[in-house]
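# Below: sequence and its predicted model.
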Number of protein chains: 4
Amino acid sequence: MTAGRNAPFIPGPTNMPERLRLAMDIALEDQRAPDFPVFVLGLFRDLKRIFKTDRGEIFIFPGSGTGGWEAAITNTLSPGDTVLASRFGQFSHLWVDLCRRHGLEVEAIDVDWGEGVPVARYAERLGADTAHEIKAVLVCHNETATGVTSDVAAVRAALDAADHPALLCVDGVSSIASIDFRMDEWGVDLAVSGSQKGFMLPTGLAMVGASEKALEAARSAQCPRCFFDFADMVRTNRDGFFPYTPATTLLRGLRASLDMLLEEGLDNVFARHHRLAGGVRRAVEAWGLALCAKEPKWYSDTVSAIQVPDGFDANDVVKMAYLRYNLSLGLGLSKVAGAVFRIGHLGALNELMLLSALAGSEMAMRDLGIPVEPGSGVAAAEEHYRTTARPVDMSRGATAAI
Amino acid sequence: MTAGRNAPFIPGPTNMPERLRLAMDIALEDQRAPDFPVFVLGLFRDLKRIFKTDRGEIFIFPGSGTGGWEAAITNTLSPGDTVLASRFGQFSHLWVDLCRRHGLEVEAIDVDWGEGVPVARYAERLGADTAHEIKAVLVCHNETATGVTSDVAAVRAALDAADHPALLCVDGVSSIASIDFRMDEWGVDLAVSGSQKGFMLPTGLAMVGASEKALEAARSAQCPRCFFDFADMVRTNRDGFFPYTPATTLLRGLRASLDMLLEEGLDNVFARHHRLAGGVRRAVEAWGLALCAKEPKWYSDTVSAIQVPDGFDANDVVKMAYLRYNLSLGLGLSKVAGAVFRIGHLGALNELMLLSALAGSEMAMRDLGIPVEPGSGVAAAEEHYRTTARPVDMSRGATAAI
Amino acid sequence: MTAGRNAPFIPGPTNMPERLRLAMDIALEDQRAPDFPVFVLGLFRDLKRIFKTDRGEIFIFPGSGTGGWEAAITNTLSPGDTVLASRFGQFSHLWVDLCRRHGLEVEAIDVDWGEGVPVARYAERLGADTAHEIKAVLVCHNETATGVTSDVAAVRAALDAADHPALLCVDGVSSIASIDFRMDEWGVDLAVSGSQKGFMLPTGLAMVGASEKALEAARSAQCPRCFFDFADMVRTNRDGFFPYTPATTLLRGLRASLDMLLEEGLDNVFARHHRLAGGVRRAVEAWGLALCAKEPKWYSDTVSAIQVPDGFDANDVVKMAYLRYNLSLGLGLSKVAGAVFRIGHLGALNELMLLSALAGSEMAMRDLGIPVEPGSGVAAAEEHYRTTARPVDMSRGATAAI
Amino acid sequence: MTAGRNAPFIPGPTNMPERLRLAMDIALEDQRAPDFPVFVLGLFRDLKRIFKTDRGEIFIFPGSGTGGWEAAITNTLSPGDTVLASRFGQFSHLWVDLCRRHGLEVEAIDVDWGEGVPVARYAERLGADTAHEIKAVLVCHNETATGVTSDVAAVRAALDAADHPALLCVDGVSSIASIDFRMDEWGVDLAVSGSQKGFMLPTGLAMVGASEKALEAARSAQCPRCFFDFADMVRTNRDGFFPYTPATTLLRGLRASLDMLLEEGLDNVFARHHRLAGGVRRAVEAWGLALCAKEPKWYSDTVSAIQVPDGFDANDVVKMAYLRYNLSLGLGLSKVAGAVFRIGHLGALNELMLLSALAGSEMAMRDLGIPVEPGSGVAAAEEHYRTTARPVDMSRGATAAI
């Protein structure tokens, strides 16, 4: 047993802020209490601010992001429906798989891992679908496996250009609340998120945004569903209740999470993630390594997948970091297993926390013989953080006189 | 804002023990860490002891009991399959509804609320089904809405007597870990439980036991599923992992819950619930009121639904108790709304805690004009607890000398 | 190990509210941080509101009430000084003892346990002391051992009537923040309190109010002191710091405690304690027992010492309650050991919590053969609480429709 | 408000381990409960193992280290007694001051700050004191203000060489439980510690070890005392109680602290501190800076005081680190205010945590124009940690297959 605490730098779950932890360290409560609805209705109101939707509804299910994917699809589509999707990482891959298991016909475009949604090919395919056989278009906004952020607005533009009525379904699990996401402005019909990423909470809540168009589609969609049924939620949520026992502890945590996000201001949250991610990218450069994301336009502000040089096993980096330095990095998954390790840089982080992850990564890589200069990544990140730090009022506060 | 704490006496979630609360007051962790599987495999091992199965598997899903129902059904049945069920409360009612939404043909026998599973009618129907069109038989072991416990072993006997191969599916949400449940001995094929009842945890985990026969059925069952798919679980659970991010915080709580249950010993846990429930039943008698459960053989050891006299609204009792005395009682649901209020007596309770709920119930009833003698229920319960208490060694421990 | 939680009904420490517990469940912090003083100065400001002083200072020492007694005495008196005191319980007794150990000459008037400060005898003695040899007068505002509250204002009146300059020193450990206390109005020069009573916190802080006159006396007082020295505190507190490392965790708890007290309003806090105590007194009457406090004017709103009938050992009641029902009652101390047991009714309590203590007391007494009617005390308290409860707006809040 | 958590690297209070935090996140309890003594007696037993004494007693007072100093002195000495001491930092200075306030005659040898106890001068003085007028010799084992560790064994040798009966009084506040300390072997008569350093707890407990000789001296010592009186403790501790309400929450934390220390093994704890401190010292060297401690023999394993170059204000480093990077460093105190800043490296730390403090220190220094190379200190520490790390079994544990 090592002393001190574990440093969790997987791309979710995250370093949970104390405030959220305390918000959930509570007694259990009656989900049918007379004053429970006031609390619940406030959650829906503020979740809409995070998803940036006025016209849609947000649903909160006990579950994980996978449950959110399932809810989005089964409520709005019918067996046999055609769906357009692309695969460029483990999570975009798995959503396609889920759709197929629910009887949908998925046209899945395979893209190199390290790139994002192929907007031009989507545009082409949508333009050609004059019969509107495609009922839904899937976009993985932030592919957690490769650290790639895609351009959702461009997909919306492609749909609009083709005047195509397909539902725009976005996996925002590792983007919403960390990276700018605009449900209404981008015309997103279904937006899936989970509690354990930008919301900084434990796993356990799937949150799904549904546009008016999606809710309309739910009326005729034939995929069977009950646990994830929108209609049961709509009927009970309107009064501040749920169709079955909700995870009240997580809901109290969600309240605190929403408070934190809104107090900081979403733009500040996004800027903070971008700035922190910048330090990691400078460290990778200083190490002489490359990101899995092929071009800066794909760089994710919530996770960086870092390629180790040929001849080294990235899994060993992750294992060494964990066993020797109590640092949890993300494994490479599926196609990039062994080729990349991942540093999650989302949630309630500051410079020093992330610098410790960079220091630990350096040490683990050097322990395995990967030729990086000691301190090089940390130095590059330090200088990035220093030069982008907000000015400090050194006259603020008192100095203890002893 | 009243001073002091809320007294949660709904039939789940329960008075969470401190030990569980602290077990979950932790940092988030990496579900792919090298030592995570050791922890996970221990959960499965000990859950089997709680479900009393050697041959089956237990699956842990993020979700609620409703999710557990869905998992049990969709993994083992195909659209159009016939299911035999009975309805005698809100939860037995809802499971039937869920089955129908997933395309199953449910033969639902309606029974008076206050009774349990109609074993003789089941036996009759099963005996008549020589073609074995019935693929599954549903049993709600403990109907939380009415405080009625049914005889699962008798249903198994009926199946055996008819030599009928239907799957025996049991809703054990409010019985397992509180009331004796024997998965293997009773030949239960699918057993559904949730974290927020006998496991004393927050809502958020659905636990489903599946027999070998159920796992075999899953290979050919055609109901679409992905989030709740057994096969994904089997494939990853065997190595101590999960197919998607698990609710690690609740899993740590589950570890502590299993430790508590096994340290006390299941038989002691059941006896404690029975003894505590006995005090409530004596209180109801002393009040001159009746339980919803029609006969002692139906009396539940985890929840009592108490009928208020004609002319009074049980919802008012619940509301008065909450608003005036910070006591959370269970509302009557659906058919018995307004007719009963419920006292949950499951989880980590002792005599004093339950006596406070009885005192509060007396006060709320009297506030509304319901003619119960002040202190009468408390007195009856006190005498029950006193006369059934274990002897105390008064020589034990020290007395502070001042 | 019994299930469920312990019911702490000793007269402090108390049932700590969740809010305080969470406020202290924090990381440790730097007591010399630039923004620490803002936090500290707010504590002093609000403590003055609790002590009801504008002109005095409040000091916060790591320690217990005993430390507060020592601080009050050693900062303001010199060896050989004469002090007037009275003894009518273990705590008034111990303060006299402490004074003597610090070299003071104490004139201690012994009074029957069950009575309070003998104001007439104080007046007489002060009137006779025309040479003003008496430098300080000690008053135990609320004698925790016997459940007796004394009349501090009357002692002030006696001092004024005699035009006597002695310092008025009050032990308010189990009164301040629970029972009305008015430092300035009553001309209290030294007021001692502790964190674990009305402030509802763990033991660990001694809080001492000092009037301008006391601070003036501190300039020439010769009792040696350093840890408890006022002057070091004055010098550093003014800037929001402390002369040595403070118990920051408890200070954060104190912040939350002050917030709770001020949000509820002191008058409401006092009224709540009075009302809750009333229920206990009615229960004692219904049991056919007597309080240690001899007359209603002495009845304490924070603790009741209850006499068991001749032939019974009150220590056995306490032990039985603890071992069998997980209820912590207060032992009788010193002269009344075995003769009384005590129920603490201070802190964040509500009716139901206190009713559970009464139920447990009844059961323990009956287990030992003490002839009290089952439910009698609970019934009397219930009726008291019901008839003094605030009206409830039954139209408030929602009712879950199922 | 910055995101993420504060990094506390003052030399106590420390980064409190989760295990201790949870151990104290409990309800309040009755310090006179029948089973409380079993718990308390275990604390004394295990504290003796930490202090390394079989023959002495350990006392636990609510208070801070300053209270411990006071307890040690007032219980064993009489006004007018002569004490030999030395001053080389703020804490050795303050103990002398405390002694004088209690009426002792202190011969205080002033030594340059950066050095430790002047053993030769002590030896000389003791040898000359053939009349044995010196009643006690004070040693500050680890001067927290300067990061200097002194040689207690050598002082014992000097006493023995002079055959001098003076009591050996040691301030072990920032050494005990972090740096080797041997009460019996070194013939320490009074050993003072506090909860907030090596015990990793919040401030609030002063722990004082007293040898048989010290306890004997207490019988005749004339310094007045009550709150800190050994005799009251001896009388009640023997049965597992305390003379006044103890800080039960901290005692429960102490239990967990003792468990952690004894499970890791004291030698491992000391070695860990030494190894971690080594990294800080290499960083300081890489920065081109010097420690306040003048020679390696004085280097403290729990705190490093680092001199900033002429022309810079170390207070600014501390303030910049706090305001900009949420890093709490220790201010320079008194004579070295502005000249040094301090990094505490005691308690439950690991490499990554300490590296983050080094990174933050680098950034703050560079922000202020202090010419240190970015990453230089971190790199030097990384290499120290890597090359001294224990081998890792890379075959241990599972790798999640996705």
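Thanks, I have the structure now.

# Going by C-alpha atoms from here, please, whenever you check contacts or count neighbours.
Fine.

# Neighbouring strands of the one helix or strand A:Val137 maps to in the sheet, and parallel or not?
Using DSSP states H and E, the element containing A:Val137 is strand A:134-140. Applying DSSP bridges, strand A:134-140 is found paired with strand A:82-87 (parallel), strand A:167-171 (parallel).

# Around chain C, pick out the residues from chain A.
Within chain A, the positions adjacent to chain C are A:18, A:22, A:25-26, A:32-35, A:37, A:239, A:241, A:396-400 by CA under 8 Å from any CA of the partner chain.

# Most neighbours among those, please name it.
A:Phe241 (27 neighbours; other CA atoms under 10 Å in any protein chain shown).

# Figure out the length between the terminal residues of stretch A:300-309.
End-to-end distance of stretch A:300-309 (CA to CA, to the nearest Å): 21 Å.

# and the nearest residue to A:Phe36 once chain neighbours are set aside, how many residues sit next to it?
In space, and not counting its chain neighbours, A:Phe36 is closest to A:Gly240: 7.1 Å by CA to CA, 6 or more residues apart in numbering or on different chains. Residues near A:Gly240, counting by other CA under 10 Å, number 24.

# In three-state terms, how would A:Gly240 be classified?
Secondary structure for A:Gly240, judged by DSSP: H, G, I helix; E, B strand; the rest coil, is coil.

# List the contacts of it.
Listed by CA atoms under 8 Å, 6 or more residues apart in numbering or on different chains, the contact partners of A:Gly240 are A:Phe36, A:Pro37, A:Val38, A:Phe39, A:Val40, A:Leu41.

# thinking again about what came up before, of the residues of chain A next to chain C, closest to chain B?
Chain B lies nearest to A:Asp25 out of these, by CA to the nearest CA, at 6.3 Å.

# The closest one touches B:Arg21, doesn't it?
Yes - between A:Asp25 and B:Arg21 there is a contact at 6.7 Å, judged by CA atoms under 8 Å.

# ok, what's across the strand from A:Ile60?
Beta-bridge partners of A:Ile60, as defined by DSSP bridges: A:Met207.

# and it, how far is that from D:Ala33?
Distance check for A:Ile60 against D:Ala33: by CA to CA, it reads 46 Å.

# same deal with A:Val192?
For A:Val192, the distance to D:Ala33 - CA to CA - is 53 Å.

# try A:Leu355
Distance from A:Leu355 to D:Ala33, by CA to CA: 49 Å.

# okay, now A:Leu262: neighbour count?
When neighbours are counted by other CA under 10 Å, A:Leu262 registers 17.

# Is it located within a strand, as I assumed?
No - judged by three-state DSSP, A:Leu262 forms no part of a strand; its state is helix.

# Tell me who's in contact with it.
Contacts for A:Leu262 (CA under 8 Å, 6+ apart) come out as none.

# Give me the pLDDT value at it.
Looking at A:Leu262, its pLDDT stands at 98.

# any bit of the helix ranked longest in chain A sitting next to chain D?
Scanning chain A for the helix with the most residues, using DSSP state H, yields helix A:266-287. No - residues of helix A:266-287 are not located near chain D by CA under 8 Å from any CA, the shortest gap being 8.7 Å.

# Now do the SS call for A:Lys48.
For A:Lys48, the assignment made with three-state DSSP gives helix.

# Now do it against A:Asp184, distance only.
Using CA to CA, we find A:Lys48 at a distance of 10 Å from A:Asp184.

# tell me the contacts of whichever residue of the stretch 51-200 of chain A sits closest to chain D?
Here the stretch 51-200 of chain A gets closest to chain D at one residue, A:Gln90, 8.6 Å apart by CA to the nearest CA. A:Gln90 makes contact with A:Glu143, A:Thr144, A:Ala145, A:Leu333, A:Ser334, A:Lys335, according to CA under 8 Å, 6+ apart.

# Can you give me the separation between the spatially most central residue of chain A and B:Met363?
For chain A, the residue nearest the mean C-alpha position is A:Ser174 (0.6 Å; CA atoms, centre = their mean). According to CA to CA, A:Ser174 stands 51 Å off from B:Met363.

# if we can go back for a sec, need the contacts of A:Gln90 in TSV with neighbour count and distance to A:Thr248, can you?
Formatted as TSV, these follow (neighbours: other CA atoms under 10 Å in any protein chain shown; distance: CA to CA, whole Å):
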residue	neighbour count	distance to A:Thr248
A:Glu143	33	29
A:Thr144	28	28
A:Ala145	29	30
A:Leu333	22	33
A:Ser334	14	35
A:Lys335	14	38
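
# Closest one of these to chain B?
Closest approach between these and chain B, by CA to the nearest CA: A:Leu333, at 10.9 Å.

# just checking, the closest one touches A:Thr144?
No - applying CA under 8 Å, one finds A:Leu333 not in contact with A:Thr144, separated by 9.8 Å.

# Name the residues contacting each of A:Lys48 and A:Asp184.
Joint contacts of A:Lys48 and A:Asp184 (CA under 8 Å, 6+ apart) are A:Asp54, A:Gly56.

# quick one, helices of the stretch 251-400 of chain A?
A:266-287, A:314-325, A:351-367, A:376-388 (DSSP state H, counting those that start in this stretch).

# out of those, nearest to B:Pro391?
Closest to B:Pro391 of the helices of the stretch 251-400 of chain A is helix A:314-325 (CA to CA; 50.5 Å).
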